[in-house]
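**Q** Sequence first, predicted coordinates after that:
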Amino acid sequence: MKDYYAVLGVSRHADQEEIKRAYRRLARRYHPDVNRGDREAAERFKEINEAYEVLGDPAKRRRYDLYGESGGIPSVFEGGFEGFGDPFSDLFNLFFGRGRTRAAHAPRRGSDLVTVVEISLEEAYRGVKRVVEVPRRQTCDSCGGTGVESGYAMDLCPECGGEGRITHTRRSAFGTFTSSTTCRRCGGMGEINTHPCTRCGGGGAVESLDPVEVEIPAGIDDGDRIRVPGRGEAGYMGGPPGDLYVEVRVSEHEFLERDGHDLRAVVELSMAEAALGTVVEVPTLEGTERLTIPAGSQPGQVFRLPGKGMPRLHSRGKGDLYLVLDVQVPRDLTAEQRRLLEEFQRLEAEKRRGQGWRERLRKAMRPQH
Ligand SMILES: [Zn+2]
Ligand SMILES: [Zn+2]
């Protein structure tokens, strides 16, 4: 039978505080993280945890003192699985938390926050700074996040004596049954807050509307998210804050349609403009650009203005601007227009005389080159 007192190097009369201190000291020394690959240390670490699992719990310690290692009780009755927690969680709490407290007292990172900003295509083109106001949980500066009024401290829970658990023992003909439940008074924390902070009501955090300046880079696309580190919710128990994500919505432009880095626009021409050729002013994100349309341009024809598209995010260069021709067929002609178009049609027919459909087909079938 192992002597758990010897394992922890304490006397049989040591009090719980002494046992806890001895365990903490040894666990640190033999922790696998500081003794990588050392099998002996790993074995020792296991032993120390095993010893503390029993001696660290007053009820189990009593049984150990009376009956020996297993307490003389079949292990299935050892308070079910509840009695034996993960030895590492206790260790974690000893290192990072306070005493035998549970996860509620461990440092936790604050949650991330998401907010949406809408910008114009021009702003997406140039890049823009925006101030967003996000309601966020921040560490209460009155109590520093502890939730306890300054000048006071947490009190040991009178219900469980700081253990966080209440052990129930029942005797029967088959032996002693023990079970333990989480202390209701302190919720398993072992401590209670008898002087909650007046500013935050004991929660350790306050909600405030926090203006955050966000730099939206040139070339940002609709739906892109910008991460602002550390501007999310405050952390818990000294944990780091979360991040703020700003989701960008780019509103639609009157003329320009975005396609990745490129832009597209439709240029509307009259029938005569398309036939005769013209110069048109087309919208770009830097103002307007003059585009020469050659005579005989067709509907659907595309003109490319290189470098007049959107900037590439976090890189050099810009996309292109594509202009698609749309030719409008006049709907309500004046008498004069009608006369001229009829004249035009007559001249067209004259031009094509001798070019019947058979002849035109033959021409079309001939190789072009
Ligand atoms: Zn309690
Ligand atoms: Zn407070």
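**A** Now that the structure is in, tell me what you want to look at. Ligands and ions are numbered 1, 2, ... in the order given.

**Q** if we look at the host helix or strand of Ala6, which residues are touching it?
**A** Using DSSP states H and E, Ala6 maps to helix 4-8. The contact list for helix 4-8, computed with Cβ atoms under 8 Å, 6 or more residues apart in numbering, reads 11-12, 14, 19, 22-23, 26, 47-48, 50-52, 54-55, 64, 69. To be clear about C-beta, it is placed using only N, CA and C from the backbone, and glycine gets the same treatment.

**Q** In ChimeraX, select just the buried ones from these.
**A** Filtering those down to the buried ones (16 or more other Cβ atoms under 10 Å) takes a single ChimeraX command:
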select :14,19,22,23,26,47,48,51,52,54,55,64
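
**Q** Just name the closest of the contacts of helix 4-8 to ligand 2, please.
**A** Nearest to ligand 2 out of the contacts of helix 4-8 is Tyr23 (Cβ to the ion; 32.8 Å).

**Q** Wait, the closest one touches Glu50, no?
**A** No - using Cβ atoms under 8 Å, Tyr23 makes no contact with Glu50, being 10.9 Å away.

**Q** In helices, which of the contacts of helix 4-8 appear?
**A** If you go by DSSP state H, the contacts of helix 4-8 have Ile19, Ala22, Tyr23, Leu26, Glu47, Ile48, Glu50, Ala51, Tyr52, Val54, Leu55, Tyr64 in helices.

**Q** What is the lowest-pLDDT residue among those residues?
**A** Note: of the ones in helices among the contacts of helix 4-8, the lowest pLDDT belongs to Tyr64, at 78.

**Q** so who does Ser297 touch?
**A** Leu269, Ala274, Gly277, Leu325.

**Q** tell me which parts of the protein are close to ligand 2?
**A** Applying Cβ under 5 Å from the ion, we find that the chain lies next to ligand 2 at Cys140, Ser142, Cys143, Cys197, Arg199, Cys200.

**Q** I'd like those residues as TSV, with neighbour count, pLDDT and secondary structure appended.
**A** Output for the residues of the chain next to ligand 2, formatted as TSV (neighbours: other Cβ atoms under 10 Å; pLDDT from 0 to 100; DSSP: H, G, I helix; E, B strand; the rest coil):
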residue	neighbour count	pLDDT	secondary structure
Cys140	20	85	coil
Ser142	16	89	coil
Cys143	22	86	coil
Cys197	22	91	coil
Arg199	15	91	coil
Cys200	21	87	coil
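
**Q** what separates the closest residue to Gly277 other than its chain neighbours from Leu269, distance-wise?
**A** Excluding the flanking residues, the one nearest Gly277 by Cβ to Cβ, 6 or more residues apart in numbering is Ala295, at 3.4 Å. Between Ala295 and Leu269 the distance is 11 Å, computed by Cβ to Cβ, to the nearest Å.

**Q** Likewise for Gly147?
**A** Distance, Gly147 to Leu269, using Cβ to Cβ: 71 Å.

**Q** centroid residue for the protein?
**A** The C-alpha lying nearest the average C-alpha coordinate of the chain belongs to Asp112 (Cα atoms, centre = their mean; 5.5 Å).

**Q** I'd assumed Gly242 was in contact with that one.
**A** Yes - proximity of Asp112 to Gly242 meets the contact threshold set by Cβ under 8 Å, at 4.3 Å.

**Q** Between the two, which contacts overlap?
**A** Residues touching both Asp112 and Gly242 (Cβ under 8 Å, 6+ apart): Gly232, Glu233.

**Q** Could I get the contacting residues of the residue nearest to the centre of the chain?
**A** Counted by Cβ under 8 Å, 6+ apart, Asp112 has contacts Gly232, Glu233, Gly242, Asp243, Leu244, Tyr245.

**Q** Same question for Arg360.
**A** For Arg360, the contact set (Cβ under 8 Å, 6+ apart) is empty.

**Q** now Glu122
**A** For Glu122, the contact set (Cβ under 8 Å, 6+ apart) comprises His253, Leu285.

**Q** Likewise for Glu163?
**A** Shown in contact with Glu163 (Cβ under 8 Å, 6+ apart): Asp57, Pro58, Arg100, Cys183, Gly190.
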